[in-house]
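S.K.: Give me coordinates for this.
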Amino acid sequence: MMRRTRVQGWEWGGRCASKVWTAGVVALSTGAVNSLAEEVARDVPRAEIEVAAYYFPNWHRRRMGTNEIFGEWHNLQRAVPRFPGHAQPKRPLWGIEDEADPGVMAKKIAAAADHGISAFVFCWYWTATGPYLGRALDDGYLNATNRERVRFALLWANHDLRTTPPHRGAVPREEFERMAAHVTARYFSQPTYWRLHGALYFSIYQAATFVEGLGGQAAAREALDAWRARLRSEGLGELHLNLVDYQLVKQRDPAALARALGADSVTSYVWVHEPAVAQVMQASFPAVPYAAAMRAYFESWDRRWSTFEPPHFPNVTMGWDSTPRVPPERPLERGPYPHSPVLVGNTPEMFREALREAVQRAQAHPAGRRVVTVYAWNEWTEGGFLEPEATHGWGYLDALRDMIRDPSPSSP
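M.R.: Alright, predicted model coming up:
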């Protein structure tokens, strides 16, 4: 049994990292990449079911020249209850931390690895001036001394951004190629980059937006094929292209778009993007039972995705509550995001049941494609988090660990 040790409020797993990896900015040689990747594969046992947790990298920012926190931590701190029994504000047991600190990230990696998570899928942003919100990955994860314990991958968050100036998610071919070149040199050469069947997992959040920017499906496929060819020529192997179903579900023929882009898999980011779940939630504003959303998602998954090609990796959403992003002086009203209904009753026990449903479906996929995605490691201001919190402590991570060890139904 794994033992835990608490040091100054931090909880660490019993296994210490045996190697230290250097996060080099310059791409490694092909031989070095392959050798290190093989070492990592030996050091981290492959699970029957791989769990990939989404990581939202926006918990490090402070105002220039001060210690004043703004952005997501500020939104979380000022959150208020919006209806009777509404559990806000959330209180992270680890407190307010700078995820760009390698020591802070090492703690997260240890907790994730000890509880069955195979990979962090970082929400990764790109603008015309380059990467955006990248310090959690670049400064934190890539410099953590134990990073071989949890691999990493990128989810290209290619939606419009309210930056200064605003950035459009639909990018032209030349900008896509700059982005792809950066990803190839900076991340794909890393020995801990997550691979499925040896292929580099790269996810696109908005498939239709990507196609729009490239000028159509044929042009988008051509750009992707050129990237695949470049990876092969540089000795990095194959690309595993994953599409998030957020925009696929709005297509008349989702499979046609997935085939046109040569996708290797599809998955969800969060349950609320599924139309059947959204319908349940809008019918029960402002509070929606977690069990109802879970039932709607998996019933829809069985209808829409169970025989879909390419395979759809089932998702488990720990929770949904975007009310911290509504200014506290404004009322919560039925309307567009962030005025969303809140999932309630999402206890660790219910989360375990959702994991069981997802694992059963993932087990039907071929070996090497048995993946469950989880929303999310740290989406605190949207109500989806696995990190320990004051109300349920380590309950969600413990449910995940126990589920991976024993996916049988809970006793009544």
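S.K.: Going by C-alpha atoms from here, please, whenever you check contacts or count neighbours.
M.R.: Fine.
S.K.: Would you map the helices across the stretch 51-200 of the chain?
M.R.: Here the stretch 51-200 of the chain has its helices, by DSSP state H, counting those that start in this stretch, at 72-77, 102-114, 135, 173-183.
S.K.: Of all the residues in the helix or strand encompassing E353, which ones are buried?
M.R.: Per DSSP states H and E: E353 is located in helix 348-362. The neighbour-count check on helix 348-362 (16 or more other C-alpha atoms under 10 Å) flags 348, 350-359, 361-362 as buried.
S.K.: go on, stretch 155-175?
M.R.: For stretch 155-175, using 16+ other C-alpha under 10 Å, the buried residues are 155-159, 161, 167-171, 173, 175.
S.K.: where exactly do the strands run in the stretch 151-300 of the chain?
M.R.: 151-156, 195-196, 199-204, 239-244, 265-267, 287-289 (DSSP state E, counting those that start in this stretch).
S.K.: Tabulate the ones you listed (a markdown table), appending mean pLDDT.
M.R.: Listed next are the strands of the stretch 151-300 of the chain as a markdown table, based on pLDDT from 0 to 100:
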| stretch | mean pLDDT |
| --- | --- |
| strand 151-156 | 98 |
| strand 195-196 | 97 |
| strand 199-204 | 98 |
| strand 239-244 | 98 |
| strand 265-267 | 98 |
| strand 287-289 | 98 |
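S.K.: Considering the buried residues of helix 348-362, which is situated nearest to A278?
M.R.: Taking C-alpha to C-alpha as the measure, A278 lies nearest A354 of these, at 17.3 Å.
S.K.: Contacts only, for that closest one.
M.R.: 294, 316 (C-alpha atoms under 8 Å, 6 or more residues apart in numbering).
S.K.: want to throw the strands of the stretch 151-300 of the chain into JSON lines with distance to W301?
M.R.: JSON lines is the format used below for those (distance: least, C-alpha to C-alpha, whole Å):
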{"stretch": "strand 151-156", "distance to W301": "21"}
{"stretch": "strand 195-196", "distance to W301": "22"}
{"stretch": "strand 199-204", "distance to W301": "19"}
{"stretch": "strand 239-244", "distance to W301": "14"}
{"stretch": "strand 265-267", "distance to W301": "10"}
{"stretch": "strand 287-289", "distance to W301": "19"}
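S.K.: which strand in the chain runs the most residues?
M.R.: When the chain is parsed with DSSP state E, its longest strand is strand 119-127.
S.K.: Indicate each strand paired with that one and its parallel or antiparallel sense.
M.R.: In its sheet, strand 119-127 lies beside strand 50-55 (parallel), strand 130-132 (antiparallel), strand 151-156 (parallel), with partners assigned from DSSP bridges.
S.K.: Between these, which one is closest to L236.
M.R.: Nearest of those (C-alpha to C-alpha): strand 151-156, 14.6 Å.
S.K.: Which residues does that closest one contact?
M.R.: By C-alpha under 8 Å, 6+ apart, the residues outside strand 151-156 that reach it are 118-126, 192-194, 201-205.
S.K.: any chance of the helices of the stretch 51-200 of the chain in a markdown table, plus mean pLDDT?
M.R.: Below are the helices of the stretch 51-200 of the chain laid out as a markdown table (pLDDT from 0 to 100):
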| stretch | mean pLDDT |
| --- | --- |
| helix 72-77 | 91 |
| helix 102-114 | 98 |
| helix 135 | 93 |
| helix 173-183 | 97 |
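S.K.: if we can go back for a sec, go through the buried residues of stretch 155-175 and say which is closest to Y269.
M.R.: Nearest to Y269 among these, with distances taken as C-alpha to C-alpha, is L155, at 9.7 Å.
S.K.: show me the residues around the closest residue to the closest one other than its chain neighbours that make contact.
M.R.: Excluding the flanking residues, the one nearest L155 by C-alpha to C-alpha, 6 or more residues apart in numbering is S203, at 4.5 Å. Residues near S203 by C-alpha under 8 Å, 6+ apart: 154-156, 241-244.
S.K.: Out of those residues, grab the one that's most surrounded.
M.R.: When neighbours are counted by other C-alpha atoms under 10 Å, L243 leads the contacts of S203 with 29 neighbours.
S.K.: was I right about that one contacting G262?
M.R.: No - applying C-alpha atoms under 8 Å, one finds L243 not in contact with G262, separated by 10.0 Å.
S.K.: What does the pLDDT read for I404?
M.R.: For I404, the pLDDT comes out at 86.
S.K.: what number of residues lie near it?
M.R.: 22.
S.K.: For the remainder of this discussion, apply numbering that starts at 428.
M.R.: All set: I'll call the first residue 428, so the last point we hit is now I831.
S.K.: For the helix or strand where it lies, name the packing helices and strands.
M.R.: Taking DSSP H and E as the definition, one finds I831 inside helix 822-832. Judged by 3 or more C-alpha pairs under 8 Å, 6 or more residues apart in numbering; DSSP states H and E, helix 822-832 is in contact with helix 775-789.
S.K.: between the helix it packs on and strand 477-482, how many degrees?
M.R.: Interaxial angle, helix 775-789 versus strand 477-482 (axes from the mean of the first three to the mean of the last three C-alpha atoms, to 10 degrees): 130 degrees.
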